[in-house]
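K.L.:
this is a predicted model, with the sequence first.
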Amino acid sequence: MCSLFIILIFMPAFVYTPLACMSSILMVSAYRLVPVKPMINLWKLDRSEFWILIITAVFFVQYDGAVGLTVGGIISILRHAIKENSQLRVESSVLDPLGWLVISSNEALTYVNAS
């Protein structure tokens, strides 16, 4: 309620502000929203995760927030599935005279790596 009151009072002052100045204010505020240091750290630690971040941001800005998050989530899940599937080893053996079949794996078995 207070912000609406302030906008109504100071709105006549912004009417005479050139659009170039208003757009520069918006660009500076948008630039400050971008976390540069975490992006640099992500580039140093894991470049594929950095590119997932960039692709998600591009889809987020270009199309829609929901589309961007969906694309980023799908790419992340597929990357995780490929990474986990290549490391999964399953061993089976038959125990004793009862004939029990024991199946063991070197990692947790999830729906992503269950193929």
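P.N.:
Cool, got the structure. No experiment lies behind these values; they were computed from the predicted model shown.

K.L.:
for the rest of this, base every contact and every neighbour count on C-alpha atoms.
P.N.:
Fine.

K.L.:
which residues in the protein form strands?
P.N.:
Per DSSP state E, the chain carries strands over the ranges 90-95, 100-105.

K.L.:
could you pick out the longest helix of this protein?
P.N.:
The residue-count maximum for a helix in the chain (DSSP state H) belongs to helix 65-87.

K.L.:
what is the mean pLDDT for it?
P.N.:
Mean pLDDT, helix 65-87: 83.

K.L.:
helices or strands next to it in the packing?
P.N.:
Under the contact definition 3 or more Cα pairs under 8 Å, 6 or more residues apart in numbering; DSSP states H and E, helix 65-87 sits against helix 47-62.

K.L.:
and the contacts of stretch 54-64?
P.N.:
For stretch 54-64, the external contacting residues (Cα atoms under 8 Å, 6 or more residues apart in numbering) are 65-69, 71-72.

K.L.:
can you pull the buried residues of that stretch?
P.N.:
With burial defined by 16 or more other Cα atoms under 10 Å, the residues of stretch 54-64 counted as buried are 55-57, 59-60.

K.L.:
dump those residues to CSV, plus distance to residue 25.
P.N.:
Converted to CSV, those look like this (distance: Cα to Cα, whole Å):
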residue, distance to residue 25
55, 26
56, 25
57, 21
59, 24
60, 21
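
K.L.:
any chance of TSV for these, columns distance to residue 11 and pLDDT?
P.N.:
Conversion of those to TSV gives the following (distance: Cα to Cα, whole Å; pLDDT from 0 to 100):
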residue	distance to residue 11	pLDDT
55	38	93
56	36	91
57	32	88
59	34	90
60	31	87
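
K.L.:
so which of those residues comes closest to residue 37?
P.N.:
residue 57 (16.1 Å; Cα to Cα).

K.L.:
just want the angle from the longest helix of the chain to helix 47-62.
P.N.:
160 degrees (axes from the mean of the first three to the mean of the last three Cα atoms, to 10 degrees).

K.L.:
show me what counts as buried in helix 65-87.
P.N.:
Residues 68-69, 71-72, 75-76, 81, 84 are the ones in helix 65-87 that count as buried (16+ other Cα under 10 Å).

K.L.:
now for those: which two are most distant?
P.N.:
It's 68 and 84 that sit farthest apart of the buried residues of helix 65-87, by Cα to Cα, at 24.1 Å.
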